[in-house]
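Asks: turn this into a model:
(4 chains)
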Protein chains: 4
Amino acid sequence: MANSKYEYVKTFEQSTTLLPATYIVVRLDGRGFHKFSAKYNFEKPNDRRALELMNAAATAVMRDVPDIGFAYGISDEFSFVFGRECRLFDRRESKILTTVISTFTSYYVHLWSTFFPSKPLMPPLPSFDGRVVLYPSTQTLRDYMSWRQVDCHINNLYNTTFWALVQKGGLDNAQAEERLKGTLAAEKNEILFSQFGINYNNEDEIFKKGSIVFRDYKIEGAGSGNIVATPAGSGGDGAEMSRTQQEKERKRRMKAEIVTEHTDFIKDEFWQQKPWLLSDTGS
Amino acid sequence: MANSKYEYVKTFEQSTTLLPATYIVVRLDGRGFHKFSAKYNFEKPNDRRALELMNAAATAVMRDVPDIGFAYGISDEFSFVFGRECRLFDRRESKILTTVISTFTSYYVHLWSTFFPSKPLMPPLPSFDGRVVLYPSTQTLRDYMSWRQVDCHINNLYNTTFWALVQKGGLDNAQAEERLKGTLAAEKNEILFSQFGINYNNEDEIFKKGSIVFRDYKIEGAGSGNIVATPAGSGGDGAEMSRTQQEKERKRRMKAEIVTEHTDFIKDEFWQQKPWLLSDTGS
Amino acid sequence: MANSKYEYVKTFEQSTTLLPATYIVVRLDGRGFHKFSAKYNFEKPNDRRALELMNAAATAVMRDVPDIGFAYGISDEFSFVFGRECRLFDRRESKILTTVISTFTSYYVHLWSTFFPSKPLMPPLPSFDGRVVLYPSTQTLRDYMSWRQVDCHINNLYNTTFWALVQKGGLDNAQAEERLKGTLAAEKNEILFSQFGINYNNEDEIFKKGSIVFRDYKIEGAGSGNIVATPAGSGGDGAEMSRTQQEKERKRRMKAEIVTEHTDFIKDEFWQQKPWLLSDTGS
Amino acid sequence: MANSKYEYVKTFEQSTTLLPATYIVVRLDGRGFHKFSAKYNFEKPNDRRALELMNAAATAVMRDVPDIGFAYGISDEFSFVFGRECRLFDRRESKILTTVISTFTSYYVHLWSTFFPSKPLMPPLPSFDGRVVLYPSTQTLRDYMSWRQVDCHINNLYNTTFWALVQKGGLDNAQAEERLKGTLAAEKNEILFSQFGINYNNEDEIFKKGSIVFRDYKIEGAGSGNIVATPAGSGGDGAEMSRTQQEKERKRRMKAEIVTEHTDFIKDEFWQQKPWLLSDTGS
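Replies: The predicted model follows:
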């Protein structure tokens, strides 16, 4: 039985190829995580286990998909960044997007019991939606990253103050919301300090800065000025690496240790110390 | 700290809205499942537990995403069909695609231990990639479905014969492949029957026909000609249901039993008996 | 000198293939025609020569691009409709769109002096922008057409009344606008009749109905029930015509007379009398 | 008569917004110009009037669409380049594409009689198709430009030699093609020189280099190092100009003289002398 009679339906498949020489960001978000976090009694304003589960899943994604350069997570959101020269799946949007989302989900569910051993998952199960965004230059990508980190700060300062008012200040949710309406950062800091003796600066870095996950290539001979981790690519100008170089680069990535930091990357310093992150290969 | 300085990066987000009044198919496939099935010693040519796990995950997806009209699975592949009038996420492609893929993955991993209790999952974990395909008419959608079911048949006949030659005929993989090169269906049937005493027609329906998963609305008063399950929509002509109708329709779906059948749907009969499947709401 | 060093830039070219088995509409609009019509003193509310120039250009486009099934024009706007089975340029969006726009512009400029012999074109010259819209079913396409014809009616009734108030009623533009604010069709008809003795029903059909341009295949043996103009295609189900059939069909189109009518096509009658217009080949 | 019943068809309109902070190239090509050039007896290998008509049309497009930074033409092809910060039509692809194509066509037809006074246009009229391509960096854009200029050279050397063999060497087309098969540039130069006494280097620059059309901002005080034409933008980093700046910039463009040169721009020199061309505003 030949299938030729029906095979014409394949012509209805359309695929989007992502513009070359641009950074690819896949950002995912927990679906209905407000309800989900209530169901499993996540701690407020931040649940460290839930964040560490997110980070563990992201680390596993980076292990399974070596083309990813680095990732950044806040709350129930994670952004995965592919270098400008990335050729994964010939840059087909659907494949890149679904591979990241599915792999992340797989580890999130699998690792759940490690982080929440006493709270078995019950349907409806957690899931994530996601999208692809392209950034054509290092500057626009860094601005994207800064946008997310500023958002982390804004949300965390708000939530920290909100839950202090509720948990320690005796306000109900509506009252706390009313109290914070229109307040600036300085006022929230002041409420925290004067009312609750909390110095926001002393809050944990993972809450204030989010989590950046990356491959930690050691920079050898730092004192001698020799940098081993020179980017293999040549700058988003379309000049491609040879097959051999690509394979070598791939192996180097797979061997690298994947680490998580909670640090400011809005300033230049972070990127200057890890020059391979914004090289065109993202390696 | 205002975020306005960086917020311009949101303008780089682009989204695709799926053409209205067309059927939406989300098809997913296991990534690297050849290797994956070897790792967990899936039975050849078909592993019933693996197929039932796929079906269980698909059923859960339909439960969590009531907009899906029906689904069809073969091997490590599943197609989810949304009706032409579907308004889920305002028909944004990324959200529909990732929600289905992520929810499926979530249940696949979660339910794994139910179907493979003695084989705990170990990294790298299973994952799925997927794509969206649009079909503008009932005929093209049915041809898509027929294409997949014919593919199921072709692959299963081949695999059944191949593994009979290997498992019972003493051939190695290369020899079996060579033996089957260029053979037609009749010859494979003949090999199975004359060499191994296997009548292919007696093979299990789940292997030969795949699995169609759908909501089983009871058709009341069959004898009286009254059909309760009349489609609520009016035919892909863009006339939309009222909010109230939509909500009522949604509840009806959520209450319906979701069943799995292994049956021929290339012929008209299957669809005639379940007229709600190809109504415009897919309900 | 080989060009290989730079040829990688071709990989940045992306192309959109229009979904098969859907009607393709290319709609164009005059750019800045408010100003343009003032520059050349177009008559108000309608300039017959300007409309006939639009129709002549559209007819020429249909002659040069035989894949177009029919076209409909109002004011400085024209919609060109390709049948569902159209394979022109492998359904590449940019090529279809720009070919129609460019060919139309070419004839508009070339034929200008025929319709406006005493008003030579002076820069800035007329130009048109356009877009592609897909309609997946005959019903949605007909609703698109009806939308444009209703728009024609609404605009023409308004403009006819507005310019009667200005040209014969002595109001200035702002006063006329104010007078018509919030009026229903019946009131505008009443103003025309009681104030200016104009029976709107007696206005020219080209103004009231717009212009539909199509190939006029003679239906032979109307008395005997034989219809020669049977559509060659088989219904949007993807079954394609053979090469020979396509070539024959193409020749038939190129020989057909292209006519312009100003008639109601919101009702079924128009389409029933010209069954080839909504056949899948649009022929 | 309200139009609400049919207005739902507007939801079928989909539009593509071009990725911000990338160069936009609109490239157009004459449709069927092989036949067209034969019809009007264009001179071989190059028809100067035909090229100058192309250039005149391109200059007019740049006058009417001030957002275009520069343009480059060879044979019946022209590329129009918009700066990375271009906001024209909110970067909607269809509007940008069709506006350029239509405006170009309009002037090509209108100016035809100036360049070919003795050859009136006859249907089928000339038309152009086109496409949009995005380049995310100055390097990739320059490589695109170099690709076209190298193509110009390769084609012109071939055509010059081919037509010398035919027009002066007595070969027919097939023989000339056969003679040139597999020849390198040096061999073609040698054929030209030894057989026909033609030094390819002395051929006209417009044929060898193509035509680049740009706004000629005078660089004042060249001796003093002061550059008036400093780009107004700040580098593709998304920082946008204020409304006032944009308006001022727009006026500056509209006043600038548009000039055509036939010069090498593969080397850096051309771009260094006209720094405003590759600034982010393309101004």
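
Asks: how far away is A:Pro136 from chain B?
Replies: 8 Å (CB to the nearest CB, to the nearest Å). In short, each C-beta sits where N, CA and C put it, glycine included.

Asks: same question for A:Lys168.
Replies: As judged by CB to the nearest CB, A:Lys168 and chain B stand 24 Å apart.

Asks: so that residue touches A:Leu192, yeah?
Replies: No: using CB atoms under 8 Å, A:Lys168 is not in contact with A:Leu192; the gap is 10.1 Å.

Asks: pLDDT wise, what is the one residue in the stretch 101-250 of chain A that gets nearest to chain D at?
Replies: Distances between the stretch 101-250 of chain A and chain D by CB to the nearest CB are smallest at A:Pro136, namely 3.4 Å. A:Pro136 carries a pLDDT value of 97.

Asks: my guess is it meets D:Leu18, correct?
Replies: No: counting by CB under 8 Å, A:Pro136 does not reach D:Leu18; the two are 11.0 Å apart.

Asks: which of the two has more residues huddled nearby?
Replies: Each of A:Pro136 and D:Leu18 has its neighbours counted (other CB atoms under 10 Å in any protein chain shown); A:Pro136 has more, 27 against 20.

Asks: quick one, what contacts the nearest residue to the more buried one once chain neighbours are set aside?
Replies: Spatial nearest neighbour of A:Pro136, excluding adjacent residues (CB to CB, 6 or more residues apart in numbering or on different chains): D:Pro136 at 3.4 Å. Contacts for D:Pro136 (CB atoms under 8 Å, 6 or more residues apart in numbering or on different chains) come out as A:19, A:21-22, A:136-137, A:236, D:19, D:21-23.

Asks: and if we set it to 10 Å?
Replies: Residues near D:Pro136 by CB atoms under 10 Å, 6 or more residues apart in numbering or on different chains: A:19-23, A:84, A:134-137, A:140, A:236, A:238, C:12, D:19, D:21-23, D:84, D:236.

Asks: can you give me the offset of stretch A:131-142 from its chain's centre?
Replies: 14 Å (CA atoms, centre = their mean, to the nearest Å).

Asks: kindly report the same for stretch A:58-68.
Replies: 11 Å.

Asks: does chain C sit close to it?
Replies: No: no part of stretch A:58-68 sits near chain C under the criterion CB under 10 Å from any CB of the partner chain; the closest distance found is 17.5 Å.

Asks: is A:Tyr72 in a helix, a strand, or coil?
Replies: The assignment at A:Tyr72 comes out as strand when based on DSSP: H, G, I helix; E, B strand; the rest coil.

Asks: could you do A:Asn46 as well?
Replies: A:Asn46 ends up coil, using three-state DSSP.

Asks: got a list of what A:Tyr144 touches?
Replies: Neighbour list for A:Tyr144: A:23, A:25, A:27, A:72, A:79, A:81, A:133, A:135, B:6, B:8-10, B:12-13, D:238 [criterion: CB under 10 Å, 6+ apart].

Asks: of these, which is the most crowded?
Replies: Neighbour-wise, the contacts of A:Tyr144 (other CB under 10 Å) top out at A:Tyr23, 28 neighbours.

Asks: in three-state terms, label the residue nearest to A:Thr138 when sequence neighbours are not counted for me.
Replies: Closest residue to A:Thr138 apart from its sequence neighbours, by CB to CB, 6+ apart: A:Leu278 at 5.2 Å. Here A:Leu278 takes the coil state, with states given by three-state DSSP.

Asks: where do the strands sit along the stretch 1-150 of chain A?
Replies: Listed in chain order, the strands of the stretch 1-150 of chain A (DSSP state E, counting those that start in this stretch) span A:23-30, A:68-74, A:77-82, A:128-135.

Asks: of these, which is nearest A:Tyr217?
Replies: For A:Tyr217, the closest of the strands of the stretch 1-150 of chain A is strand A:68-74, at 11.5 Å, according to CB to CB.

Asks: so what does that closest one touch, helix or strand wise?
Replies: When contacts are defined as 3 or more CB pairs under 10 Å, 6 or more residues apart in numbering or on different chains; DSSP states H and E, strand A:68-74 packs onto strand A:23-30, helix A:48-64, strand A:77-82, helix A:93-115, helix A:138-167, helix A:205-209, strand A:211-215, strand A:258-261.

Asks: what about the second one, near chain B?
Replies: Same thing as helix A:48-64. Yes: contact of helix A:48-64 with chain B is found when judged by CB under 10 Å from any CB, involving A:57, A:60-61, A:63-64.

Asks: considering those residues, which possesses the most neighbours?
Replies: Most surrounded of the residues of helix A:48-64 next to chain B: other CB under 10 Å gives A:Val61, at 28 neighbours.

Asks: next up, the contacts around that one.
Replies: A:26, A:28, A:68, A:71, A:78, A:80, A:99-108, A:213, A:258, B:127.
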